[in-house]
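S.K.: Need coordinates for the below:
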Amino acid sequence: MDNYVVSARKYRPTSFDQVIGQDHITTTLINAIESNQVAQSLLFCGPRGVGKTTCARILAKMVNNIESNDPLANQNNLNIYELDAASNNSVDDIRNLIDQVRYVPQSGKFKVYIIDEVHMLSNAAFNAFLKTLEEPPSYAIFILATTEKNKVIPTILSRCQIHDFNRIEIDDIKKRLKEITKLEGISSEDDALHLIAQKADGALRDALSVLDLMITFSTEKKISYENVIKNLHILDYDYFFKITNHILNHDASSCILILDEILKLGFESNNFITGLSEHFRNLLICKDENITNLLEVSEGVKSKYKKQSSSISKELLINGIDILNTCDVNYKLSSHTRLHTELALVKLSDLEKKTSQNKEDNLSEQKNKEEEKVVEKKQKKETSSQIKEEEKKQEIEKADLEEKTTKESEEESEEKETPENIKKDVYQKETPDLNSIFSSDNKKDKEEKIIKDETQNQSEEILDFHLKNLNTTIEKYKQFKKITDSQLSILNKDFTIEKNMILIDFLSDLEKEIFEGFKKNLLNHIRKVFDNQTIDFSIALKKNNKGKKLYTGKDKFEFLTENNKEIKNLQKQLGLDYEF
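M.R.: The predicted structure is shown next:
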């Protein structure tokens, strides 16, 4: 039986052109070699299986002009030394290394020292290595490799040229796996290779190890999607697509049955929750075409995501992710994890019902608001018509009062007349009374005038609420309303406006009390004119400090003596007391 070589060794790159996913580093190193500007100490850091040691070996060969296209060829060379710092991490190991550096290379230009897993060196070994690393001989190059840069002491970092390796993209790994399967003469499904690349988590070496496993598992020299799922113990996408369809149909029982099937396959409930959360996240990404490239799935699965995403609302996806996130957070706290997961599925299946109910409630609320607005408009029209009728009645009552006052004054004058005039009036009863005729005519004229004013007011446009229009409105109010002298003095005050508030200042409580008597009627009139029910009065009471009031006898005496000093002299001579 021939010796079996794993794919990670068999297909290890022998030049920078074969290194995938690290173009920023390979380009830098090639340019440095061509311009003869290679640093004497380099630090390669990054995750596992991304090509740190491979690039170090290629660099060591290129600076010494060693050509080798066989990755399995003997790597022994007097100018290239590889040291595993995980097993050689003491001060003595570093001292032996420093002793070897002193000797000039027997062949070639440079002696290259590749120290792998350098973060495993002890602090004493790091300190012993500092001087040599900072000022090595001109023929020595140190290449340090590590997966944990944070464990390397800062004094080492400051002496090295640092190169950060990235995780390899899924598409790049998939492309490399496709090339290897062709070289091996094995057929493969695109979804299967994509799943292997996704499982590798950015490490090409891990992907090649899984590929070797699948080649061994597949006896027919064919790598299928089903075999990869079985062998790697991965939940199939179809489970999540089925559960999502049941959630949309509010079928909680079917969701629980699928969960039971998944648990019987040996998967944990926590794996199911994280997988369903990832599924909902992918559906949410499909809602926006600008970010669909974030889906780390094959083209066949991507088309399934787009199809299902079109039949599910964005609101349901966001609420579903929230439920799954809380379930994941509280998973470890739960003593009955299966029941905890089933409860989350029941909540998800009820989400669509709640969202539809919320939409119906929102529509009904909008309809109710529109109906309320219509009712409010009708009420405003009715109140405005009622106010106009009340004002019309008040105008008519005012005209009647004026008529009565004229009649009473005439009757008083008739009573004061002589008996002869009374006799004349008796004989003249049959003749018409001119005063009554004129008064009735005046009454009709006033009523017609009121009707004309109302029709004019109705035809006029609604006024803007500012100070000039307010003053004109108050002047009209004075003319048509029965105003007393005390009320007139208040209406003659200066009014000011701030937003919908009318500001007025009073000097005494009496003025304030008089204003409160007719405030309501005036306010209704102003609101009607400007068609604004939010207008209101703001009253301020300011005290009139005209001087100090004289209350005591002492105050009065001092007030008198300010102008008449003789009164004070008289008080002293007679010995009078001002209190009496």
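
S.K.: the domain parsing of the chain - what is it?
M.R.: Per automatic domain parsing, the structural domains of the chain span 7-166, 171-232, 237-349, 363-460, 463-546.

S.K.: Flag whichever of those has the least confidence on average.
M.R.: Among these, domain 363-460 carries the lowest mean pLDDT, a mean of 58.

S.K.: Export the domains of the chain as CSV, with columns for mean neighbour count and distance to Asn569.
M.R.: Using the backbone N, CA and C atoms, a C-beta is placed for each residue, glycine as well. What follows is the domains of the chain, written out as CSV (neighbours: other C-beta atoms under 10 Å; distance: least, C-beta to C-beta, whole Å):
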stretch, mean neighbour count, distance to Asn569
domain 7-166, 17, 100
domain 171-232, 18, 113
domain 237-349, 16, 97
domain 363-460, 11, 63
domain 463-546, 13, 30
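
S.K.: mind putting the ones you listed in TSV, distance to Leu576 included?
M.R.: Shown next, in TSV, are the domains of the chain (distance: least, C-beta to C-beta, whole Å):
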stretch	distance to Leu576
domain 7-166	101
domain 171-232	113
domain 237-349	95
domain 363-460	59
domain 463-546	30
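
S.K.: and of those domains, who's closest to Thr561?
M.R.: Closest approach to Thr561 among the domains of the chain (C-beta to C-beta): domain 463-546, 21.2 Å.

S.K.: and the closest one, how far from the chain's centre?
M.R.: 47 Å (C-alpha atoms, centre = their mean, to the nearest Å).

S.K.: these two touch, right, Ile483 and Leu491?
M.R.: Yes: proximity of Ile483 to Leu491 meets the contact threshold set by C-beta atoms under 8 Å, at 7.0 Å.

S.K.: ok, for the residue nearest the centre of the chain, nearest residue in space, not its chain neighbours?
M.R.: For the chain, Ile318 is the residue whose C-alpha lies nearest the centre (C-alpha atoms, centre = their mean; 14.3 Å). The shortest distance from Ile318 to any non-neighbouring residue, by C-beta to C-beta, 6 or more residues apart in numbering, is to Leu284 (7.2 Å).

S.K.: who's in contact with the one you found?
M.R.: Leu284 makes contacts with Ser309, Lys314, Leu317, Ile318, Ile321, as judged by C-beta atoms under 8 Å, 6 or more residues apart in numbering.

S.K.: May I have stretch 61-72 exported as CSV, CA atoms only?
M.R.: Taking C-alpha atoms only, stretch 61-72 is exported to CSV below (Å, rounded to 0.1, in the frame of the first residue of the first chain):
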residue,chain,number,x,y,z
LYS,A,61,13.1,29.9,-1.2
MET,A,62,12.8,33.0,-3.3
VAL,A,63,15.4,35.1,-1.4
ASN,A,64,17.9,32.2,-1.8
ASN,A,65,16.8,31.5,-5.5
ILE,A,66,15.7,27.9,-4.7
GLU,A,67,13.3,26.6,-7.3
SER,A,68,11.1,23.7,-6.3
ASN,A,69,7.6,22.9,-7.8
ASP,A,70,7.1,19.8,-5.7
PRO,A,71,5.4,20.5,-2.3
LEU,A,72,6.4,17.0,-1.1
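
S.K.: Where does Leu348 sit: helix, strand or coil?
M.R.: Following DSSP: H, G, I helix; E, B strand; the rest coil, Leu348 is assigned to helix.

S.K.: Now do the phi/psi pair for Glu117.
M.R.: phi 50, psi 50 (degrees, to the nearest 10).

S.K.: just checking, it touches Asp84?
M.R.: Yes: between Glu117 and Asp84 a contact is recorded at 6.5 Å, counting by C-beta under 8 Å.

S.K.: The contacts of Leu284 into a markdown table, with extra columns for distance to Leu503 and secondary structure?
M.R.: Formatted as a markdown table, the contacts of Leu284 follow (distance: C-beta to C-beta, whole Å; DSSP: H, G, I helix; E, B strand; the rest coil):
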| residue | distance to Leu503 | secondary structure |
| --- | --- | --- |
| Ser309 | 60 | helix |
| Lys314 | 52 | helix |
| Leu317 | 55 | helix |
| Ile318 | 51 | helix |
| Ile321 | 55 | helix |
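
S.K.: Considering these, which is situated nearest to Ser187?
M.R.: Ser309 (31.8 Å).

S.K.: Using PDB, write down the CA coordinates of stretch 506-519.
M.R.: The C-alpha coordinates for stretch 506-519 follow below in PDB (Å, rounded to 0.1, in the frame of the first residue of the first chain):
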ATOM      1  CA  PHE A 506     -55.600  95.200  35.100                       C
ATOM      2  CA  LEU A 507     -54.700  97.700  37.800                       C
ATOM      3  CA  SER A 508     -57.200  96.500  40.300                       C
ATOM      4  CA  ASP A 509     -59.400  93.500  41.300                       C
ATOM      5  CA  LEU A 510     -62.500  95.600  40.500                       C
ATOM      6  CA  GLU A 511     -61.500  95.800  36.800                       C
ATOM      7  CA  LYS A 512     -60.800  92.100  36.700                       C
ATOM      8  CA  GLU A 513     -64.300  91.400  38.300                       C
ATOM      9  CA  ILE A 514     -66.000  93.600  35.700                       C
ATOM     10  CA  PHE A 515     -64.200  91.900  32.900                       C
ATOM     11  CA  GLU A 516     -65.200  88.500  34.100                       C
ATOM     12  CA  GLY A 517     -68.800  89.500  33.800                       C
ATOM     13  CA  PHE A 518     -68.800  89.800  30.000                       C
ATOM     14  CA  LYS A 519     -65.600  87.800  29.200                       C
END
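
S.K.: sorry, back to before: so which of the domains of the chain comes closest to Gln571?
M.R.: The closest of the domains of the chain to Gln571 is domain 463-546. By C-beta to C-beta, the value is 28.1 Å.

S.K.: thinking again about what came up before, could the contacts of Leu284 be laid out in a markdown table, adding distance to Gln22?
M.R.: Output for the contacts of Leu284, formatted as a markdown table (distance: C-beta to C-beta, whole Å):
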| residue | distance to Gln22 |
| --- | --- |
| Ser309 | 35 |
| Lys314 | 38 |
| Leu317 | 36 |
| Ile318 | 38 |
| Ile321 | 34 |
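
S.K.: Could you look up the SS state of Thr219?
M.R.: With three-state DSSP as the basis, Thr219 sits in coil.

S.K.: ok but Ile115 is inside a strand, no?
M.R.: Yes: Ile115 sits within a strand when classified using three-state DSSP.

S.K.: pretty sure it contacts Ile143?
M.R.: Yes: the criterion here is C-beta under 8 Å, and Ile115 meets it with Ile143 at 7.3 Å.

S.K.: tell me which element Lys182 is part of?
M.R.: Counting by DSSP states H and E, the element that carries Lys182 is helix 170-184.

S.K.: Any chance you could list what contacts stretch 239-255?
M.R.: Stretch 239-255 is contacted by residues 258-259, 262, 275-276, 279-280, 283, 304, 308, 311-312, 320, 345-346, 348-353 when judged by C-beta under 8 Å, 6+ apart.

S.K.: swap that for stretch 129-141, please
M.R.: 38-42, 60, 63, 94, 97-98, 101-102, 104-105, 109-113, 121, 142, 155-156, 159-160.

S.K.: Ok, stretch 157-175 next?
M.R.: 20-22, 24-25, 28-29, 39, 41-47, 50-52, 130, 133-134, 142, 144, 149, 193-194, 196-198, 200-204, 207, 296.

S.K.: Over to stretch 85-98?
M.R.: Under C-beta under 8 Å, 6+ apart, the answer for stretch 85-98 is 81, 83, 113, 115-122, 124-125, 128-129, 132.
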